[in-house]
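*Asks:* I'd like to go over a predicted model; first the sequence, then the structure.
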Amino acid sequence: MPRLFTGLEIPSDIGFLLSMKRGGLNGARWIEPENYHITLRFIGDVDNATANDVADNLDYLSESLRFPIRLTHLGTFGGDKPRALYAGVEPSEALSRLQSAHERMLQRAGLPAEGRKFVPHVTLARLRGTTAMDVARFIAEAGRFEPMSFSVSRFVLFSSRDLVGGGPYVVEQSYPLAA
C-alpha cells in the first residue's frame, strides 16, 4: 500500500539557503534539503486502485495558475513540547485555492476530510526532547530570517515510506500549472 501526499517542491537554491539553518539545536533530526516540500494534502496509506484514482483525478487541478510562494519566518509546532521546526509560508490566496481544490477533489474520491487546519510550511527538523526554551534560543540566535521567494509551476503526488517522517520522498507524478 502506498503512503501518499500532494505537495509543492522546494527549488534547490531555496533548499540550500534553508539548509544553512541546520545545526545547533539539541534533539533535532534535520530533514535533508532534497526532501523539503510544502504539503498540500496528506492522503495516507491507500490501496493501489485508490492511488490510481487519486493520480488520475489530480489532472483536473492542473488548470490552476502558477503563483509565487514566499517563506518568511521560522516557527514550531507543538507549543510547550515542540515537535517540528519549520520555515513558514506567507499567506496566499492562490495557495489556499489550490489546497482547497485538493481537499475537495480527494473528498469526492471518497477519502475522509483532513482534520487539521492547513498551515503551509517547510519542515526543517523533527524535534524530540527539545524544550520550548531551546527552540526560542535557537530562533533568536539564528538571526533575522531573510524572506525567500520562488514561483510554483507544478504540484506533485509524493509517496513515502511508513516511517517517522522526513523522507525520502518519491515524486510519483507531477502536474504542471497553467502559465
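*Replies:* Noted; the coordinates are in hand. Numbering: from 1, shown residues only.

*Asks:* which strand is the longest one in this structure?
*Replies:* strand 67-77 (DSSP state E).

*Asks:* name the residues of it that are buried.
*Replies:* Residues 69, 71, 74-76 are the ones in strand 67-77 that count as buried (16 or more other Cβ atoms under 10 Å). Any C-beta I mention is one placed from the backbone N, CA and C, and that applies to glycine too.

*Asks:* can you put those in TSV and add distance to Arg126 and pLDDT?
*Replies:* Formatted as TSV, the buried residues of strand 67-77 follow (distance: Cβ to Cβ, whole Å; pLDDT from 0 to 100):
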residue	distance to Arg126	pLDDT
Ile69	22	98
Leu71	18	98
Leu74	15	97
Gly75	14	96
Thr76	11	96
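
*Asks:* all the helices of this protein, residue numbers only.
*Replies:* 12-19, 48-58, 93-108, 132-142 (DSSP state H).

*Asks:* make a markdown table out of these and add mean neighbour count, mean pLDDT and distance to Thr6.
*Replies:* Putting the helices of the chain into a markdown table (neighbours: other Cβ atoms under 10 Å; pLDDT from 0 to 100; distance: least, Cβ to Cβ, whole Å) gives the following:
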| stretch | mean neighbour count | mean pLDDT | distance to Thr6 |
| --- | --- | --- | --- |
| helix 12-19 | 15 | 97 | 19 |
| helix 48-58 | 15 | 90 | 7 |
| helix 93-108 | 16 | 94 | 5 |
| helix 132-142 | 14 | 94 | 28 |
